[in-house]
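Q: Here is a sequence together with a model predicted from it:
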Amino acid sequence: MNSGLNIFAGIWDFRVLCHQILRYRLMKKFYRDNFIDPSTRGEWFAVICCIAMIAGLFFSRAVLSGSMILLLLNALFSKSRLENIRAWGHDPFSWFCLSFFFVYLLSGIWSDNKEFWWAGVVNKLPFVILPFSMCSVPFLKIKYQRVIIGALLLMQSGIIANSIFQLIIHKEFYLQGYHVSQPLPTTKYGDHIRFSLSLVLSVLMCFYLLFDQAERPLKRIWKVLLGICVLIFVLYIHVLAAKTGLVCLYLMGTLYAFIRLLRYNKIMALILPVLIVILPVFSYYVIPTFRTKVDYVVYEINKTVSEQKYDYTLSDAGRMITYDIGLRSIARHPLMGVGAGDLMDEMRKGYRKYYPEVSAEQQYGPINQFLYTALCVGIPLSLSLLGMTCFAFAGRGRLKGYLVLTALLMFVSIMVESMLELQFGVFTYLFFILFWKYVLKDNTGKTSGIHIS
């Protein structure tokens, strides 16, 4: 009996040894093929920088800035730097990004508050850096696309898990917080609006992996995991209940379903968007945070209508106050604005004159990117923002629908937020648009993609 067990143990030990040797050889081969080869080493470095930038978006400003600089250096000193420069120079979107940066830089001439002006200029440096540096990321290779998207999904899933855990253990605290527009914890800096938007854009990326990679289709297990990820993200967007994220989710879901089904079943193309619209009704009765947010918005509207004035203590009323003051100021300074450095000084004057009851802590710039830019640099120079927004839609190939939908969601976001005045907003805007622009590069095959002509 003992001899039999010894023989079995010996065979098992030999099997384990063979497995370890095979595993070592496979890992060695992977390392040799991907990292020792100079060409793939540069590609992996660019991909790691890209993942680090995403991590910086959620967890650290310093990591975001540092990895952006490293990616720039990689693009400048790689063997394909001339190709990167040509790709950057031939893209009108990149030129409008550059012009958007320079109009803010130029406004320093007529800005008195140089410190505030310089802070705004530094925040917009990614408009110079990212369109060029992201040329060095090998987005055309499917394996790198999957690595980047996978890393993004993992980080977002971790944040969601922590957010839900906090909601479970402090349920009453957060449900009460939604009555005064206090959201759940999300990223390190609490930027729940950008995080909600990033989840919607990640859902679109999941659709791309699930439905539009016919050349190298995913294994069944990965498709199941991606499907679960989409379901979790959609549910969490309703739990978080950020209005920008919800609007973008329903807009993206409706258009994607309509465009995709229109080519196969016109009846379903009309029915499915209707079913998507029913989703918020279902969510209202099932998800407490979503219901609280809806009730809060209805309360805001009723209060504003009944009192015929904006109550600055309410979030959307505070937004409308910034529009009112911003439009009045633009009317006084239509050609050159007030300068990027003096925008808040001009807004404070408007608050003192028209809304003196608003405390200094609740005074903001126009919460609309077009109004914010026009007040900074004037209407003529703010056309650079309009041009950048329009050329964000420009793409070619069978998958350009993904770029168009992403650009549309970004347009909606900058209409209701001045997101390009924030470091995380700038990166979110540029990363997702540039991702699709470089994925679409030379992608002109005719297979089943979402087409927008």
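A: Nice, thanks for sending it over.
Q: Assign a three-state SS to the nearest residue to Tyr438 once chain neighbours are set aside, would you?
A: Excluding its sequence neighbours, the residue lying closest to Tyr438 (CB to CB, 6 or more residues apart in numbering) is Phe139, at 4.0 Å. For the C-beta atoms, the positions are set from N, CA and C on the backbone; glycine is no exception. Assigned by DSSP: H, G, I helix; E, B strand; the rest coil, the conformation of Phe139 is coil.
Q: And Phe139, how far from Gln362?
A: Phe139 sits 42 Å away from Gln362, going by CB to CB, to the nearest Å.
Q: which of the two has more neighbours?
A: When neighbours are counted by other CB atoms under 10 Å, Phe139 and Gln362 differ, and Phe139 comes out ahead with 23 against 13.
Q: can you give me phi and psi for Ala119?
A: Dihedral pair for Ala119: phi -60, psi -40, per degrees, to the nearest 10.
Q: The chain should start at 44 in everything you say after this.
A: Noted, 44 is the first residue going forward, which turns the last one into Ala162.
Q: Look up the closest residue to Leu452, ignoring the ones flanking it.
A: Cys291 (4.6 Å).
Q: My error: substitute Leu322 in the last question.
A: Leu322 sits nearest to Tyr293 (CB to CB, 6+ apart), 7.6 Å away.
Q: Now for that neighbour, how many residues are close by?
A: Neighbours of Tyr293 (other CB under 10 Å): 17.
Q: Please apply the same query to Arg237.
A: 25.
Q: ok, now which ones touch it?
A: Leu100, Thr230, Met462, Leu465, Phe467, Gly468, Thr471 (CB atoms under 8 Å, 6 or more residues apart in numbering).
Q: Report the secondary structure state of it.
A: helix.
Q: what does Tyr407 give?
A: On the basis of three-state DSSP, Tyr407 is classed as coil.
Q: Let me know the pLDDT of it.
A: Per-residue confidence (pLDDT) for Tyr407: 92.
Q: pLDDT below threshold where in the protein?
A: For the chain, the stretches with pLDDT under 70 are 44-82, 222-224, 257, 308-313, 316, 485-496.
Q: Which parts of it are strands?
A: For the chain, applying DSSP state E gives no strands.
Q: Scan the contacts of Arg237 and report the most crowded one.
A: Leu100 (25 neighbours).
Q: so that residue makes contact with Tyr232?
A: No - counting by CB atoms under 8 Å, Leu100 sits too far from Tyr232 to count as a contact (9.7 Å).
Q: which residues do those two both contact?
A: Phe467.
Q: May I ask you to confirm that the residue nearest to Leu452 is in contact with Leu242?
A: No - between Cys291 and Leu242 there is no contact under CB under 8 Å: 9.3 Å.
Q: so who does the closest residue to Gln209 other than its chain neighbours touch?
A: Distances taken as CB to CB, 6+ apart put Pro228 closest to Gln209, at 5.3 Å, once the chain neighbours are dropped. By CB under 8 Å, 6+ apart, Pro228 lies in contact with Asn205, Ser206, Gln209.
Q: Over to Ser179?
A: Here Ser179 is in contact with Gly85, Ala89, Leu114, Asn117, Ala118, Ser121, Ser123, Asn127 (CB under 8 Å, 6+ apart).
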